[in-house]
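Q: Structural data only, the sequence is not supplied:
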DNA sequence: AATGAATGAGAGTTCATTCAT
DNA sequence: GATGAATGAACTCTCATTCAT
């Protein structure tokens, strides 16, 4: 009935960034294994070795935590794609590079990637969805190719969405097949991308 | 003083299939609008005009209800694809037909399609995921084309996954763009499918 | 991690109004003993012999429960005062009657009265406070007396507020003194009311 | 390039009493605006410009802080009343003086007064309630008047409680009516006090 | 078969208090 | 002395599921 005074005995054990990393790692594993909705903050805190309240020092609520994870991954992908795309060469070479970069990064971020593919309905604060920034980047790339007359014509948003779907499909297929190397998957993706979207490519 | 007209007896009870339809319709609207986790059984029952307990006569729990909805949609897609694919003609014609069939059905089932895209992490009873049966069908089709030497070679599961992603991407793009007709989207999808996966297709 | 299915085994034991009464009784005792903020819904439910969720069938939240209790008490007081005041006689007789009615009701509702005196800062939905309706009734009575030239003049809201305070003070004093009968307290209150607010009353 | 003026050294630390004053001021504003239970120690510390832990150097817990505030106000009132009451004159004059003193002080301490009226259920360490010391002082005054045969007879604790209620009612009425001057309210209170409690006063 | 009141585990979140720095 | 990150118990409220009617 009466609020009993907390017995708490906190210890300053680790520095904040170590804690944040443990928190993100715990959340990543649990979300991926059990699904966002089936994981409680208490579960995450326990796995991260911190107190429930400490989670809220880092992220204001559960959804913010998820978004932060997905956004950081998207950022990495977008940065990688921009870098690979802008390094010159013909469109064939650029697509090869981008696809390889995508899979190289995917390999490093496999669990996060899996999480992203599981939470497509988590709407961001601005109304966007996970994947939208990647798709926007694809749209830019497609626009470049169109301007040069190197790409097949089509409705830009639709073409970008298809290209994005193709990439996601490739990643899903690769993730489900442990025997397939990232380089191999990247090669096949690039091959389909080129024959599907680039002019004067023979199959 | 006014005699109530004895013309039509109020149908207090409806037959079970009418109820089931009302239930599915209610669930579809609510899940799509608010997301699976944010809709309660009580919400669904109220919208369907039945009692909470009655929901459990039809589906043993909430997840089973969702799965039934998604599975029925997948079934429809698979049946449609099988039918369109098996009607003969060269691979180009068959792909045209399949893509058109896909979008024609999508137009009819738009809300369900949206629901499916929102709930990718809902695992089915057999461990499969929504979309898996569609992908399996695509794999069969790709196998056909490979056997005839008409399709570009590649790792079968990966190619099927990419093709599946391409289809999903096309559908997502089409759903987000209300000005795009189903036939137009189907045409662009077919075009990319052919240049991306079929031999001797010029871009 | 996974939401474990409820084991629940509900029993329809008592009729709803019996339950509501048990709920109100439990809330009354606990709020009075420990203070509104120090009592949890779980405490109330346990004492009432019902489940936590059942509390929310009756009242949409904790504050609504409290307000319902206080409002019903206020209503009783207002009705009682209206009745006693409107029965005629000179102002002296009417005040005697009202004061006696007030204390007779107070005797019946002692715990609720105590609760009301403890929760003066609980704002109602319309921005009013507990006691405001009683005070409004007092204002009406004072207005009657003023119109007849029987009451001492003064700023109406202030005079009503003072009269209200006087009543509350009398009740608090009476509640703290178990040896004082309601009739006796009523008499002393009436006496002070008359000499304090009515013209031509000798002390 | 711009040299920061070395004229005034920034006072990084303030003396304890300045801090205590800031703390009390912050608490007063926040408690009054949002209610005791809705204000956190962190809120108070932030507004006072001190650290959370520092709050605990001054008051051992949140309730102690509240009590200290209310007790200091009560002390002020009691001292004021004692002073005004003991300065001689007949009872009419003494009551006039006390009432004026009460309202003069109330004007200075309006926020604290409001806080006191909001937290009637906060029990003090010795089991007393806010207002009890004021009431005890009133009892002393009433006892004086009784001894001299100047006051109307009655049960002492009850009469004191009624007088206290009258005072509180006057203050509440005055606080809710911004157009009413303290002197005017004091006059009306004194008038009712005299006709209500003092012998040979005509109404 | 249909109903919906009842259940209670469990969720996300808050915050008074502590104590290593 | 001052700080504020860390703690975790406790809170209100939800809702999938059950079963007496």
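A: Cool, the structure landed. Keep in mind it's a predicted model, so treat the numbers as computed, not measured.

Q: now the residue nearest to residue A:37 when sequence neighbours are not counted: how far from residue A:29?
A: With sequence-adjacent residues excluded and distances taken as Cβ to Cβ, 6 or more residues apart in numbering or on different chains, residue A:37 is closest to residue B:37, at 5.0 Å. Just so you know, the C-beta spots here come from the backbone N, C-alpha and C atoms, and that holds for glycine as well. To residue A:29, residue B:37 is 21 Å away according to Cβ to Cβ, to the nearest Å.

Q: With residue A:178 instead?
A: 18 Å.

Q: Need the per-residue pLDDT for the nearest residue in space to residue A:74 that is not next to it in sequence.
A: For residue A:74, ignoring the flanking residues on the chain, the nearest one in space by Cβ to Cβ, 6+ apart is residue A:133 at 4.8 Å. If you check residue A:133, the pLDDT there is 95.

Q: so residue A:133 touches residue A:78, yeah?
A: Yes. Using Cβ atoms under 8 Å, residue A:133 is in contact with residue A:78, at 5.4 Å.

Q: ok so, going back, quick check, the residue nearest to residue A:37 in contact with residue A:38.
A: No. If you go by Cβ under 8 Å, residue B:37 and residue A:38 don't touch, sitting 9.7 Å apart.

Q: follow-up on the earlier one: would you mind telling me which of residue A:178 and residue A:29 has the busier surroundings?
A: When neighbours are counted by other Cβ atoms under 10 Å in any protein chain shown, residue A:178 and residue A:29 differ, and residue A:29 comes out ahead with 16 against 6.

Q: What are the buried residues along the helix or strand hosting the more buried one?
A: For residue A:29, the enclosing helix or strand under DSSP states H and E is helix A:16-34. The neighbour-count check on helix A:16-34 (16 or more other Cβ atoms under 10 Å in any protein chain shown) flags A:19, A:20, A:22, A:23, A:24, A:26, A:27, A:28, A:29, A:30, A:31, A:32 as buried.

Q: Let me know whether the helix or strand following that helix sits next to DNA strand E.
A: Of the helices and strands lying after helix A:16-34 in sequence (DSSP H and E), the nearest is helix A:41-48. Yes. Using Cβ under 7 Å from any atom of the strand, helix A:41-48 reaches DNA strand E at A:41, A:42, A:43.

Q: same question, stretch A:21-33
A: No. Residues of stretch A:21-33 are not located near DNA strand E by Cβ under 7 Å from any atom of the strand, the shortest gap being 10.4 Å.

Q: Whether that stretch contacts chain C - can you check?
A: Yes. Using Cβ under 8 Å from any Cβ of the partner chain as the criterion, contacts between stretch A:21-33 and chain C involve residue A:30.

Q: ok now stretch A:157-166, how far from the chain's centre?
A: 16 Å (Cα atoms, centre = their mean, to the nearest Å).

Q: brain fart, stretch A:80-90
A: The answer for stretch A:80-90 is 19 Å, by Cα atoms, centre = their mean.

Q: average pLDDT across the helix holding residue A:29?
A: Computed over helix A:16-34, the mean pLDDT rounds to 94.

Q: now for that helix, which elements pack on it?
A: helix A:41-48, helix A:52-58, helix A:62-85, helix A:110-118 (3 or more Cβ pairs under 8 Å, 6 or more residues apart in numbering or on different chains; DSSP states H and E).

Q: any idea how far the longest one is from the chain center?
A: Put simply, helix A:62-85 sits 6 Å off its chain's centre (Cα atoms, centre = their mean).

Q: just the shortest one next, same as before
A: Helix A:52-58 sits 24 Å away from the centroid of its parent chain (Cα atoms, centre = their mean).

Q: where in chain A is pLDDT low?
A: A:1-13, A:201-203 (pLDDT under 70).

Q: Now do the domain split for it, please.
A: Domain assignment of chain A by automatic domain parsing yields the ranges A:13-58, A:67-197.

Q: Could you look over these and pick the most buried one?
A: domain A:67-197 (a mean of 19; mean count of other Cβ atoms under 10 Å in any protein chain shown).

Q: any bit of that one sitting next to DNA strand E?
A: No. Using Cβ under 7 Å from any atom of the strand, domain A:67-197 never reaches DNA strand E; the gap is at least 12.1 Å.

Q: Now do the end-to-end distance for that domain.
A: Distance between the two ends of domain A:67-197: 32 Å, counting by Cα to Cα, to the nearest Å.

Q: May I see the buried residues of helix A:16-34 arranged in CSV, with distance to residue A:68 as well?
A: Formatted as CSV, the buried residues of helix A:16-34 follow (distance: Cβ to Cβ, whole Å):
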residue, distance to residue A:68
A:19, 14
A:20, 10
A:22, 15
A:23, 10
A:24, 8
A:26, 14
A:27, 9
A:28, 11
A:29, 16
A:30, 15
A:31, 12
A:32, 15
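
Q: how near is residue A:83 to chain D?
A: 38 Å (Cβ to the nearest Cβ, to the nearest Å).

Q: How about residue A:182?
A: Residue A:182 is 48 Å from chain D, by Cβ to the nearest Cβ.

Q: so how far is residue A:97 from the nearest residue to that residue once chain neighbours are set aside?
A: Spatial nearest neighbour of residue A:182, excluding adjacent residues (Cβ to Cβ, 6+ apart): residue A:103 at 4.0 Å. Residue A:103 sits 11 Å away from residue A:97, going by Cβ to Cβ.

Q: Any part of stretch A:86-95 near chain B?
A: No. Stretch A:86-95 lies apart from chain B when judged by Cβ under 8 Å from any Cβ; the minimum separation is 11.9 Å.

Q: and the end-to-end length of that stretch?
A: End to end - Cα to Cα - stretch A:86-95 spans 11 Å.

Q: For chain A, list the residues in contact with chain D, please.
A: Of all the residues in chain A, none lies near chain D, going by Cβ under 8 Å from any Cβ.

Q: ok, back up a step: could you export the domains of chain A as a markdown table, including distance to DNA strand F?
A: Formatted as a markdown table, these follow (distance: least, Cβ to the nearest atom of the strand, whole Å):
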| stretch | distance to DNA strand F |
| --- | --- |
| domain A:13-58 | 2 |
| domain A:67-197 | 16 |
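
Q: now those as CSV including distance to residue D:150?
A: Putting those into CSV (distance: least, Cβ to Cβ, whole Å) gives the following:
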stretch, distance to residue D:150
domain A:13-58, 62
domain A:67-197, 72
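
Q: Out of the helices and strands packed on helix A:16-34, flag the one nearest residue D:59.
A: helix A:52-58 (22.6 Å; Cβ to Cβ).

Q: Show me what that closest one is packed against.
A: With contacts defined as 3+ Cβ pairs under 8 Å, 6+ apart, helix A:52-58 has these neighbours: helix A:16-34, helix A:41-48.

Q: which one of those lies closest to residue B:163?
A: It's helix A:16-34; of these, that one is closest to residue B:163 (Cβ to Cβ) at 25.7 Å.

Q: hmm, who's touching stretch A:192-203?
A: Here stretch A:192-203 makes contact (Cβ atoms under 8 Å, 6 or more residues apart in numbering or on different chains) with A:91-92, A:95, A:99, A:142, A:145, A:149-152, A:159, A:163, A:166, A:170, B:152, B:154, B:159, B:162, B:166, B:192-193, B:195-203.

Q: How about stretch A:17-28?
A: Contacts to stretch A:17-28, defined as Cβ under 8 Å, 6+ apart, come from residues A:14, A:39, A:44-45, A:47-50, A:54-55, A:58, A:65-66, A:68-69, A:111-112, A:115.

Q: cool, stretch A:45-61 as well?
A: Counting by Cβ under 8 Å, 6+ apart, A:10, A:19-20, A:22-23, A:25-27, A:29-30, A:41-42, A:44, A:65, A:68 sit against stretch A:45-61.

Q: which outside residues touch stretch A:152-165?
A: A:131, A:134-136, A:138-139, A:142-143, A:146, A:193, A:196-199, B:165-170, B:172-174, B:176-177, B:180, B:184-185, B:188-189, B:191-192, B:195, B:203.
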